[in-house]
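Below is the sequence, then the predicted model.
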Amino acid sequence: DSTSENSFARAQDWVSQLNLSNNPDIVIALVANKADLPAGEGPDPKQARAYAAKESLIFVEASAKTGLNVSLIFEQVAKKLPRGAPP
């Protein structure tokens with residue numbers, strides 16, 4: 001939820017917990033939902049983008065309401081999934 005500082009903080013906690021798995025094949029996307037709302041509410045998108053870059057996450061601003069970039073999220077994740085035989 002791009003309008004909520006609390007959501008951004010929780011997302012950072014989840015990323016930290018996921019990174020504890022030490023799974024080299026993990027793919028994590030940070031999605032700033034509610035991109036259809038006016039700018040100025042919630043955390044600065046630049047802050048979220050910088051965090052995603054620092055943590056090597058996929059970052060997409062999207063809107064579940066309008067469908068903006070929803071397909072892009074899945075496309076970006078699919079591109080990063082490991083290829084090869086299943087374990």
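Received the coordinates, thanks.

how about the helices of the protein, start to end?
5-19, 45-54, 70-80 (DSSP state H).

and the closest residue to residue 62 other than its chain neighbours, how many neighbours?
Spatial nearest neighbour of residue 62, excluding adjacent residues (CB to CB, 6 or more residues apart in numbering): residue 69 at 4.0 Å. In this view, the C-beta of every residue, glycine as well, is placed from N, C-alpha and C. A count of neighbours around residue 69, defined by other CB atoms under 10 Å, yields 19.

I'd guessed residue 69 sits against residue 61; true?
Yes. Assessed by CB atoms under 8 Å, residue 69 is found in contact with residue 61 at 6.5 Å.

Need the overlap of contacts for the two.
residue 35 (CB atoms under 8 Å, 6 or more residues apart in numbering).

Now do the contacts for the residue nearest to residue 62.
35, 60-63.

what sits against residue 57?
15, 28-30, 51.

okay if I get these as CSV plus neighbour count?
Listed next are these as CSV, based on neighbours: other CB atoms under 10 Å:
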residue, neighbour count
15, 15
28, 16
29, 16
30, 20
51, 17
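
Widest-spaced pair of these?
29 and 51 (12.7 Å; CB to CB).

which stretches of this protein have low pLDDT?
Applying pLDDT under 70 to the chain flags residues 41, 85-87.

ok, back up a step: filter the contacts of residue 69 down to the buried ones, ChimeraX style.
One line in ChimeraX is enough to select the buried ones among these; burial here means 16 or more other CB atoms under 10 Å:
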select :35,60,61,62,63
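
From the contacts of residue 69, which land in strands?
Among the contacts of residue 69, DSSP state E puts 60-61 in strands.

and which of the contacts of residue 69 is nearest to residue 82?
Among these, residue 60 lies closest to residue 82 (CB to CB), at 20.2 Å.

mind checking how far that closest one is from residue 28?
Distance, residue 60 to residue 28, by CB to CB, to the nearest Å: 12 Å.
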